[in-house]
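A.B. asks: Next one to model:
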Amino acid sequence: MKKQLTTLLITSVLLSSAALANTDEQAFIDKMVKEHQFDAAEISSLLNQAKKQQSIIDAMSRPAEKRLNWGQYRKIFITDKRIKGGMKFWKENQAILEQAEKTYGVPAQIITAIVGVETYYGRITGKYSVLDSLYTLGFHYPPRAKFFRSELEEFLQLAREEGVSPTEPLGSYAGAMGRPQFISSSFRAYAVDFDKDGKRDIWENNADVIGSVANYFKRHGWKAGEPVAQLVTGEKKGFDEEIKAGYKPSLDVKALIDKGIILGSSLDKDAKVALLEMESDDGNEYWVTSPNFYAITRYNHSPLYAMAVFQLSEAIRQRMGR
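C.D. replies: Numbering: from 1, shown residues only. Sure, this is the predicted structure:
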């Protein structure tokens, strides 16, 4: 009897979830018709073609891996192989990178490092149908359903605008696409047709990849010629409050210098910066970071990510003799 009740309860929950998903799908169809003038039958057909993939839900639900400190995180991305890959990418796309830097003010090494960290220079871009990913997470993953339904809304508009079939693009389990791993809303807002061939292709066209990454940074506050981060020398204690202030620049350079931090001359004493403590098994590092570092965190909201991009970019630049 107990087993039968348990089975009935599970069946009831599944039926309720299915009914809710169907209700949400109909509301989504109605919204696409009313707000974006899609054909209801077309959207209904696409949702019917989309496949719920349990592996996507499992990936989203998987408990976070053991928290990595900076020293451990660095070893993943600052490798000889990834540096050499960056050099190859830079050499093969030098003219485009120079054009992007001239147009947007974002250095070649930063653009290169982003593509290197995100997809190993286009080698690992994701194997999931973007339609399946966004459908699965939008209608079968309640914790973030609202966000992913919004991204599905963006994706279907993107597909119409770019003239591609919604069933074709592949990406990550979370729906990030192409060599720079743009989500759909970022694609629509920041992707550019940098080579003027009539389409924005971030899957195969490095001109569009490079131009789109540069445009993203420019639109998120990148300032040409300004520094990114400096390793702290001199006094390293007594800065708990400054570190707690976070990685968004809010501290005065002059105040840090007055407290004993030694900085290079490239930082304006009236500038706003952040002070980061980067944990490592070999001893913690302290970095003063600028608005340009913060701009990198707009791509991925993690100081570890931003520091990996910055240090990889510097390693590539130095190897290139720039």
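A.B. asks: Residue 129 - nearest residue in space that isn't next to it in sequence?
C.D. replies: residue 170 (6.3 Å; Cβ to Cβ, 6 or more residues apart in numbering). C-beta: built from backbone N, CA, C; applies to glycine.
A.B. asks: Residue 268 too?
C.D. replies: residue 253 (6.8 Å).
A.B. asks: Could you report the distance from the one you found to residue 82?
C.D. replies: 32 Å (Cβ to Cβ, to the nearest Å).
A.B. asks: what's the answer for residue 189, then?
C.D. replies: On the measure of Cβ to Cβ, residue 189 and residue 82 end up 28 Å apart.
A.B. asks: which of these two has more neighbours?
C.D. replies: For residue 189 and residue 82, the more surrounded residue by other Cβ atoms under 10 Å is residue 82, and the numbers stand at 20 against 13.
A.B. asks: distance of the more buried one from residue 311?
C.D. replies: The value you get for residue 82 to residue 311, if Cβ to Cβ is used, is 11 Å.
A.B. asks: for residue 87, same thing?
C.D. replies: In terms of Cβ to Cβ, residue 87 sits 15 Å off from residue 311.
A.B. asks: Angles on the backbone of residue 176, please.
C.D. replies: Backbone torsions of residue 176, given as degrees, to the nearest 10, read phi -80, psi 140.
A.B. asks: The strand or helix carrying residue 304 - contacts with which helices or strands?
C.D. replies: Per DSSP states H and E, residue 304 falls inside helix 303-319. Here helix 303-319 touches helix 70-77, helix 80-92, helix 108-119, strand 272-278, strand 285-289, helix 291-297, going by 3 or more Cβ pairs under 8 Å, 6 or more residues apart in numbering; DSSP states H and E.
A.B. asks: all helices in the stretch 1-150 of the chain, in order from the N-terminus.
C.D. replies: In the stretch 1-150 of the chain, the helices defined using DSSP state H, counting those that start in this stretch lie at 2-36, 40-49, 54-61, 70-77, 80-92, 94-104, 108-119, 130-140, 145-162.
A.B. asks: What separation do you get for residue 128 and residue 53?
C.D. replies: Per Cβ to Cβ, residue 128 is found 7 Å from residue 53.
A.B. asks: neighbour-wise, which of the two wins?
C.D. replies: Per other Cβ under 10 Å, whichever of residue 128 and residue 53 has more neighbours is residue 128, with 21 against 18.
A.B. asks: circling back to that earlier point, ok, which of the helices and strands packed on helix 303-319 comes nearest residue 38?
C.D. replies: Smallest distance to residue 38 across those (Cβ to Cβ): 30.6 Å, for helix 108-119.
A.B. asks: which residues touch residue 96?
C.D. replies: 194-195, 206-207, 210-211 (Cβ atoms under 8 Å, 6 or more residues apart in numbering).
A.B. asks: okay, these in TSV with distance to residue 69 and neighbour count next?
C.D. replies: Shown next, in TSV, are the contacts of residue 96 (distance: Cβ to Cβ, whole Å; neighbours: other Cβ atoms under 10 Å):
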residue	distance to residue 69	neighbour count
194	37	24
195	41	16
206	34	20
207	38	20
210	32	30
211	35	26
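A.B. asks: Contacts for stretch 253-260 next, please.
C.D. replies: 234-235, 238-239, 242, 263, 267-273, 275, 288.
A.B. asks: Could you verify my assumption that residue 185 touches residue 157?
C.D. replies: No - counting by Cβ atoms under 8 Å, residue 185 sits too far from residue 157 to count as a contact (9.7 Å).
A.B. asks: Can you give me the end-to-end span of stretch 225-240?
C.D. replies: 30 Å (Cα to Cα, to the nearest Å).
A.B. asks: With stretch 167-179 instead?
C.D. replies: 19 Å.
A.B. asks: tell me the mean pLDDT over it?
C.D. replies: Averaging pLDDT along stretch 167-179 gives 97.
A.B. asks: Mind listing what's buried along that stretch?
C.D. replies: Neighbour counts over stretch 167-179 (16 or more other Cβ atoms under 10 Å) mark 169-179 as buried.
A.B. asks: go on, stretch 243-258?
C.D. replies: Across stretch 243-258, burial judged by 16+ other Cβ under 10 Å covers 247, 249, 251, 253, 256.
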